[in-house]
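Novice: sequence and predicted structure below; questions after.
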Amino acid sequence: MTLTTTAVLVPLLPFLGAVAGLLLGRRAPGFVRPLAVLPTLAAAALTVAVALGQGTGPATDLATGLTPTGSIPIELALHIDGFAALIAVLVGVVATCVQIYSTGYLRDDPRYPSYAALVSLFTSAMLLVVYTGDLMLLLVGWEVMGICSYFLVGHYWETEAARAASLKAFLVTKLGDVPFLFGIFALAADAGTFRITGILGSVAAGGLDHPTLIALLLLAGVAGKSAQFPLHTWLPDAMAGPTPVSALIHAATMVAAGVYLVARLLPVFAASAAALVVLAVMAALTMVGSGLAALAQDDIKRVLAYSTVGQLGYMLGALAVGDRGAAVFHLISHGAFKALLFLGAGVIIHAAGTNSLAAMSRMSGLARRIPDAYWTVTVALLALAAIPPFAGFFSKEAVLGAAEHAATGHAHGVPGAAGWTVLVSGLLTALLTAAYATRLWLLAFKGKGAEAPDHGPQPVAMNAVLWVLFVPTVALGLAAPFLPGWFDGRSLAPTLTTSVLGTGIALVGGLVTYAAWRHTTALAARIPLGAVVAAPDATPALAEEVAIDTHAPAYGDNAAAPDPADPGRLLLGPLQRHAAVGFHLDAVYSALFVRPVRAAAGLVRFLDREVVDTYVRGAGAAPRLLGAAVRRAQTGNVQTYLAALLAGSLVLAVAAVLVATGTGA
């Protein structure tokens, strides 16, 4: 089997599995799980074969005409190079783990057949985005992922949160997709082709007439799909969906698509210094803001959601300083440990006997009840915090090293301002990342909340997947010396300056968070549960710090009071209440966009009802009244008709006499 045939089968197998699952899910339920797992597993194996066949050699680029368009042709194009091959392996492995994991997590869900089919379709769409060499085919996969995310996030459609989250995810991403579509058309118009290789050749030859406009239009779609400021607000709310879906979206599909697109078309963005600065600022705001928001969340999945937003900011920051290798390396590394974190969170949620709620402030006794999740999630959090020797350290340091390289003026064509912006925000985000990772571990596994009832052992499939993802989380960093040949040839080895700064800052963040936890724990132990500090020497901040939110939802089936020992309150201080709601961006958008649109809709409805309908009703009322008058005249009495006839004749005679008299005069 040739490399191209193998590559074509990669997105095709999950697609066929999705179609078969939708057709046979109800009629042959025994085939649902094999149709969910086996095609995705086969596709994952083929991605490994494609990666080994492609290696570090020249890119594989083939195309055939799809249909004559009369202008710019659309082609069935295949483009595989080193980084596309590795990202496809990531997608295949994570999707397979999610499908296997879901057989245990959703084993009693009546809608599992449609869920599994949509996950397969989601996987197929992302693999199409990775392997295609034509922007129009990429757009097909891009939009199919948007549809799949809408259905999967709203899987628990009985709940208002899931319905609202799915609709919000769809609308916000579509908001970015509109300018994104115009950007693709403008790019093809300038380059004369939708083929990615042709576009990059045109860029190299200086053939783009509007690089800044095109880059900014494309960035709007990237901001929506990859949940970057200011279109990131849909991703935390999307946690209302099943946890395996969250793992798939956050680790290997959907949000990774935006980063992949910028990496694939990086020369287009590099052709405009202004676009690189905008990308760097967007990444910086996203990184820092999401880190603060993650430190204030109580739900474990929302912490991880904001974490994903920030890590995607790292990737786009690396692209803003022109280093595609560092961005893709962190994308692959992050995909491994973030999938592990979300699936580990699913084990925690499963242990609580619920599908969505995972309030960390109410957790207790989980470390001994779910040891597999405890050990694997602990290592994944160390990787997230970029503690050596785990994968996250090497990939994050590659990003910081690239930013330092650009900040000191050694990156050709990259503004120094972009380098400094990414470097400073990246170091600050490293501090915040270590802080919220430490807080998550302390509250989830060392918390003092009431212990939830034991819901029995976890399914083997769920625990086994955690250990599969544990391997790349631990060992992927060791591959850094061998990866430059797969990317652009730049070294991915950590530099001394950023390694010392980044690791030192991460350790400070973790230690400060631990100290704050010890302080709040000791404080809570001296104060009766549910009480508010009112002693003369207590400050209002400390009083609020240990106050119990009696209106918060119960953890699992146990309506226990939350753990007041939350270091996030102490670390953030007055900023905590604002960070907890995402700095009120949803409220701002509601005031700027939602309310005016609703007001305009209300005005249109009023005009339609009171003005347009009035004319319509009036146009119908006049003939109706005339008809009623005529109907009243139709009495059926001959004498009445004769009297009316004589009266009419008399009137006509009088009128004729008057007219004749007037004429004679």
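Specialist: The structure has been received and is ready for your questions.

Novice: name the element the nearest residue to G477 once chain neighbours are set aside belongs to?
Specialist: Closest residue to G477 apart from its sequence neighbours, by C-beta to C-beta, 6 or more residues apart in numbering: F394 at 3.5 Å. Glycine gets a C-beta too; all of them are placed from N, C-alpha and C. Assigned by DSSP states H and E, F394 belongs to helix 391-407.

Novice: who does that helix touch, helix- and strand-wise?
Specialist: Judged by 3 or more C-beta pairs under 8 Å, 6 or more residues apart in numbering; DSSP states H and E, the packing partners of helix 391-407 are helix 300-320, helix 324-351, helix 371-384, helix 416-445, helix 460-475, helix 496-526.

Novice: save the ones you listed as JSON lines, and put in distance to L292, mean neighbour count and mean pLDDT too.
Specialist: JSON lines is the format used below for the helices and strands packed on helix 391-407 (distance: least, C-beta to C-beta, whole Å; neighbours: other C-beta atoms under 10 Å; pLDDT from 0 to 100):
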{"stretch": "helix 300-320", "distance to L292": "9", "mean neighbour count": "28", "mean pLDDT": "96"}
{"stretch": "helix 324-351", "distance to L292": "19", "mean neighbour count": "27", "mean pLDDT": "93"}
{"stretch": "helix 371-384", "distance to L292": "16", "mean neighbour count": "23", "mean pLDDT": "95"}
{"stretch": "helix 416-445", "distance to L292": "6", "mean neighbour count": "24", "mean pLDDT": "95"}
{"stretch": "helix 460-475", "distance to L292": "25", "mean neighbour count": "19", "mean pLDDT": "94"}
{"stretch": "helix 496-526", "distance to L292": "12", "mean neighbour count": "17", "mean pLDDT": "91"}
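
Novice: make TSV out of those and add distance to T661.
Specialist: As requested, the helices and strands packed on helix 391-407 are arranged in TSV below (distance: least, C-beta to C-beta, whole Å):
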stretch	distance to T661
helix 300-320	96
helix 324-351	102
helix 371-384	108
helix 416-445	100
helix 460-475	109
helix 496-526	111
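
Novice: A36: which of the ones you listed is closest?
Specialist: Ranking these by distance to A36, with C-beta to C-beta as the measure, places helix 460-475 first at 11.8 Å.

Novice: what packs against that closest one?
Specialist: helix 82-105, helix 324-351, helix 371-384, helix 391-407.

Novice: tell me what angle the next helix or strand after the first one forms with helix 82-105.
Specialist: Moving toward the C-terminus from helix 82-105, the next helix or strand (DSSP H and E) is helix 112-131. Angle of helix 112-131 versus helix 82-105, following axes from the mean of the first three to the mean of the last three C-alpha atoms, to 10 degrees, is 170 degrees.

Novice: give the buried residues for the helix or strand following helix 112-131.
Specialist: Sequence order places helix 135-153 as the next helix or strand after helix 112-131, per DSSP H and E. With burial defined by 16 or more other C-beta atoms under 10 Å, the residues of helix 135-153 counted as buried are 135-139, 141-142, 144-146, 148-153.

Novice: picking up where we left off before, mind listing what the residue nearest to G477 touches?
Specialist: 329, 333, 388, 476-477, 480, 492, 494 (C-beta atoms under 8 Å, 6 or more residues apart in numbering).

Novice: neighbour-wise, give me the winner out of those residues.
Specialist: Most neighbours among the contacts of F394, by other C-beta atoms under 10 Å: F329, with 30 neighbours.

Novice: name the nearest residue to Y374, ignoring sequence neighbours.
Specialist: Going by C-beta to C-beta, 6+ apart, Y374 has A367 as its nearest residue, at 4.7 Å.

Novice: go ahead and confirm that neighbour touches F445.
Specialist: Yes. Between A367 and F445 there is a contact at 4.4 Å, judged by C-beta atoms under 8 Å.

Novice: quick one, helices of the stretch 151-300 of the chain?
Specialist: 160-191, 196-204, 211-225, 234-237, 243-251, 255-264, 266-270, 273-296, 300-320 (DSSP state H, counting those that start in this stretch).

Novice: by contact count, what packs against the longest one?
Specialist: Using 3+ C-beta pairs under 8 Å, 6+ apart as the contact criterion, the neighbours of helix 160-191 among helices and strands are helix 135-153, helix 196-204, helix 211-225, helix 234-237.

Novice: let's see it at 6 Å
Specialist: helix 135-153, helix 211-225, helix 234-237 (3 or more C-beta pairs under 6 Å, 6 or more residues apart in numbering; DSSP states H and E).

Novice: that helix vs helix 243-251, what angle?
Specialist: Using the same axes, to 10 degrees: helix 160-191 against helix 243-251 is 30 degrees.

Novice: the inter-axis angle of helix 160-191 versus helix 255-264?
Specialist: 20 degrees.

Novice: show the average pLDDT along helix 160-191.
Specialist: For helix 160-191, mean pLDDT is 94.

Novice: the fifth one now?
Specialist: When pLDDT is averaged over helix 243-251, the result is 93.

Novice: for this structure, which residues score under the pLDDT cut-off?
Specialist: The model of the chain has pLDDT under 70 over residues 67, 69, 352-358, 449-456, 527-564, 633, 663-665.

Novice: re the thing from before, can you list the helices of the stretch 151-300 of the chain in JSON lines and add distance to A619?
Specialist: Shown next, in JSON lines, are the helices of the stretch 151-300 of the chain (distance: least, C-beta to C-beta, whole Å):
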{"stretch": "helix 160-191", "distance to A619": "38"}
{"stretch": "helix 196-204", "distance to A619": "57"}
{"stretch": "helix 211-225", "distance to A619": "46"}
{"stretch": "helix 234-237", "distance to A619": "46"}
{"stretch": "helix 243-251", "distance to A619": "54"}
{"stretch": "helix 255-264", "distance to A619": "53"}
{"stretch": "helix 266-270", "distance to A619": "57"}
{"stretch": "helix 273-296", "distance to A619": "55"}
{"stretch": "helix 300-320", "distance to A619": "55"}
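
Novice: show me the one of those that comes nearest L431.
Specialist: Of all the helices of the stretch 151-300 of the chain, it is helix 273-296 that lies closest to L431, at 7.9 Å by C-beta to C-beta.

Novice: how about the CA coordinates for the closest one, as PDB?
Specialist: The C-alpha trace of helix 273-296 is given here as PDB (Å, rounded to 0.1, in the frame of the first residue of the first chain):
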ATOM      1  CA  ALA A 273       4.700  42.700  10.900                       C
ATOM      2  CA  ALA A 274       1.400  44.300  12.100                       C
ATOM      3  CA  ALA A 275      -0.300  40.900  11.900                       C
ATOM      4  CA  LEU A 276       2.500  39.300  14.000                       C
ATOM      5  CA  VAL A 277       2.200  42.000  16.700                       C
ATOM      6  CA  VAL A 278      -1.600  41.600  16.800                       C
ATOM      7  CA  LEU A 279      -1.100  37.800  17.100                       C
ATOM      8  CA  ALA A 280       1.400  38.300  19.900                       C
ATOM      9  CA  VAL A 281      -0.900  40.700  21.800                       C
ATOM     10  CA  MET A 282      -3.900  38.400  21.400                       C
ATOM     11  CA  ALA A 283      -1.800  35.500  22.700                       C
ATOM     12  CA  ALA A 284      -0.500  37.500  25.600                       C
ATOM     13  CA  LEU A 285      -4.000  38.700  26.700                       C
ATOM     14  CA  THR A 286      -5.300  35.200  26.400                       C
ATOM     15  CA  MET A 287      -2.500  33.600  28.400                       C
ATOM     16  CA  VAL A 288      -2.600  35.900  31.300                       C
ATOM     17  CA  GLY A 289      -6.400  36.300  31.500                       C
ATOM     18  CA  SER A 290      -7.000  32.600  31.300                       C
ATOM     19  CA  GLY A 291      -4.400  31.900  34.000                       C
ATOM     20  CA  LEU A 292      -6.200  34.300  36.400                       C
ATOM     21  CA  ALA A 293      -9.600  32.900  35.500                       C
ATOM     22  CA  ALA A 294      -8.400  29.300  36.000                       C
ATOM     23  CA  LEU A 295      -7.100  30.200  39.500                       C
ATOM     24  CA  ALA A 296     -10.600  31.300  40.500                       C
END
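
Novice: nice, that's everything, thank you.
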